[in-house]
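Student: Generate coordinates for the sequence data below:
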Amino acid sequence: MITAFRRYLETWIVRGFFLIMVVAFVVWGIGDVVRTVGNPTWVAKVGNQTIEGPVFQADYQRALNQASAKLPSGQDASPALRHRIGDETLQRLIGEAALAQEARRLRVVTPNAAVRQAVMAMPSFRDKQGQFNRQVFEAVLQNNGLTEQQFTQMVRGNLAQRQVQE
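Tutor: Got it, this is the predicted structure:
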């Protein structure tokens, strides 16, 4: 029986068949492997915009810290709470990305003066007299792991998204 197989393997028809199988494997089989090399760094994709892993991780960590601060002292966040916060963070980032794309499509522009006014109006950055305080502003940003540039970009994006929603 093995002798019969060897005899058939020496024919051009069988060699052609195997050649076709090799080409098919290369095109479909290896092609998938090559496309997935360099694992994607994004956690979600909205249109042509991706939500990168580090961005999600930073937002998730901020939300988890805020939720943990509300728990009784010494109590850690449960796995269910962590999962819920992760889901909520991802859904929020997806919604923001969709609104940001729509704002770009509509060419919504948020002037610097509007961003400045919005930041100065936030109660979190006011002192005891109710005035904007630069030191309080910087302390709050540092506690939340944000730079001034990141925060102003967030405010700019939120203002543009509000314009789109309205």
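
Student: Quick check: next helix or strand after the longest helix seen in the chain?
Tutor: Determined from DSSP state H, the single longest helix within the chain is helix 79-105. Counting by DSSP states H and E, the element after helix 79-105 in chain order, helix or strand, is helix 112-121.

Student: Just read off the phi/psi values of Ser73.
Tutor: phi -60, psi 140 (degrees, to the nearest 10).

Student: Val108 now?
Tutor: The phi/psi pair for Val108 (degrees, to the nearest 10) is phi -80, psi 130.

Student: oh, and call the first residue 780 from now on, that's how I've got it
Tutor: Right, with 780 as the first residue, what we last looked at is Val887.

Student: Pull the contacting residues for it.
Tutor: 939, 942-943 (CB atoms under 8 Å, 6 or more residues apart in numbering). For glycine as for every other residue, the C-beta is placed from the backbone atoms N, C-alpha and C.

Student: Filter the residues you listed down to the ones in helices?
Tutor: In helices, defined here by DSSP H, the members of those are 939, 942-943.

Student: Same list, those residues, but as JSON lines with neighbour count please.
Tutor: Converted to JSON lines, the ones in helices among the contacts of Val887 look like this (neighbours: other CB atoms under 10 Å):
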{"residue": "Ala939", "neighbour count": "21"}
{"residue": "Gln942", "neighbour count": "15"}
{"residue": "Val943", "neighbour count": "17"}
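
Student: any chance of those in a markdown table, with pLDDT and distance to Leu850 too?
Tutor: Below are the ones in helices among the contacts of Val887 laid out as a markdown table (pLDDT from 0 to 100; distance: CB to CB, whole Å):
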| residue | pLDDT | distance to Leu850 |
| --- | --- | --- |
| Ala939 | 89 | 34 |
| Gln942 | 88 | 36 |
| Val943 | 87 | 35 |
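
Student: Got the phi and psi for Gln828?
Tutor: phi -100, psi 140.
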